[in-house]
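In: A structural model of the following input is requested.
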Amino acid sequence: MITPRHVALVAAVAAGALLTTACAPWRLWSTAELARDAQPYTAHPANPTRRVLVVGDSTAVGTGATSPVQSLPGLIGQHHPQWHIDNLAANGAKFADVVQQLERAEAGYDLVLVLAGGNDVIRFTPPDTLRPQVQRTVALARQKGERVVVMPCGDVGNAPFFKPPLSWVMSRRSETLHTLVQQAAAGQQVRYVRLLRPRSQDPFVTRSKELNAADGLHPSSAGYEEWYRELVAQGGLAGMGHR
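Out: Coordinates of the predicted model:
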């Protein structure tokens, strides 16, 4: 039975969410539902021609996609059905958690794909803390795979989930994230895929309803297709062939 106390509690939580995220509180419930239903895509064909390891956060899990096969790893699997794909990603993971994912992973992969950074932006990981975590992530990934691709999310501030003034803070933090990732990638000779775009050029703004999931934070299935096109266009799968 719903009591006045329950109503007051829900109201307090909603008010707190509104103040801390500058977004509609219902989006928080939508995000939780999407995360609960999402399952990381994996593929284990009988005679694989390539071995791929995916690590990262909810964008590596595929949260927001209609099904795992419509996530970014799922799209890789659809286009390359003979590739073995392991996925250690977890909802809510920050770069510190990605380090742990890589520490428990085996070596010998042809490709390690790192999809992370959004939670460090949203949860305010200090740059001085984030920098060594990104560097450690890249170094570990190089130990696990012949080729490494690091693909942080785009401008978090452009997500419908956030409204000004917090969206402006998220945009600045997204720029810092990409600077740190780009520097680490260049220093260790790995591929950095840039999803960061000015607001006027960001497809997640110009095609917002199509590319964003219901929570206004994660990509939709169409959004992950956009990410896959960028991964390919920026050479993330170059040299891997179509085997």
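In: Now do the same contact list for the residue nearest the centre of the chain.
Out: The centroid of the chain falls nearest to T59 when counting by C-alpha atoms, centre = their mean (3.1 Å). By C-beta atoms under 8 Å, 6 or more residues apart in numbering, T59 lies in contact with L72, L115, A116, G118, C153, H218, P219, W227. C-betas here are computed from N, CA, C, even on glycine.
In: CA atoms of whichever helix in the chain runs longest as PDB?
Out: Determined from DSSP state H, the single longest helix within the chain is helix 166-187. What follows is helix 166-187 as a C-alpha-only set of coordinates in PDB (Å, rounded to 0.1, in the frame of the first residue of the first chain):
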ATOM      1  CA  LEU A 166      24.700  21.100 -16.200                       C
ATOM      2  CA  SER A 167      24.900  20.200 -19.900                       C
ATOM      3  CA  TRP A 168      27.500  22.900 -20.300                       C
ATOM      4  CA  VAL A 169      29.600  21.300 -17.500                       C
ATOM      5  CA  MET A 170      29.200  17.900 -19.100                       C
ATOM      6  CA  SER A 171      30.400  19.200 -22.500                       C
ATOM      7  CA  ARG A 172      33.500  20.700 -20.900                       C
ATOM      8  CA  ARG A 173      34.200  17.400 -19.100                       C
ATOM      9  CA  SER A 174      33.700  15.500 -22.300                       C
ATOM     10  CA  GLU A 175      36.300  17.600 -24.000                       C
ATOM     11  CA  THR A 176      38.700  16.900 -21.200                       C
ATOM     12  CA  LEU A 177      38.000  13.100 -21.500                       C
ATOM     13  CA  HIS A 178      38.800  13.100 -25.200                       C
ATOM     14  CA  THR A 179      42.000  15.100 -24.700                       C
ATOM     15  CA  LEU A 180      43.200  12.600 -22.100                       C
ATOM     16  CA  VAL A 181      42.200   9.600 -24.300                       C
ATOM     17  CA  GLN A 182      43.800  11.100 -27.400                       C
ATOM     18  CA  GLN A 183      47.000  11.800 -25.600                       C
ATOM     19  CA  ALA A 184      47.200   8.300 -24.100                       C
ATOM     20  CA  ALA A 185      46.400   6.700 -27.500                       C
ATOM     21  CA  ALA A 186      49.100   8.700 -29.300                       C
ATOM     22  CA  GLY A 187      51.600   8.000 -26.700                       C
END
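In: so what does whichever helix or strand comes after it touch, helix or strand wise?
Out: As assigned by DSSP states H and E, the chain's next helix or strand after helix 166-187 is strand 191-192. Applying 3 or more C-beta pairs under 8 Å, 6 or more residues apart in numbering; DSSP states H and E, one finds that strand 191-192 contacts strand 145-150, helix 166-187.
In: which of those is buried the deepest?
Out: Highest mean neighbour count among these (mean count of other C-beta atoms under 10 Å): strand 145-150, with a mean of 22.
In: what sits up against that strand?
Out: Residues contacting strand 145-150 (C-beta under 8 Å, 6+ apart): 53, 107-114, 137-138, 141-142, 181, 184-185, 188, 190-193, 231, 236, 239-240.
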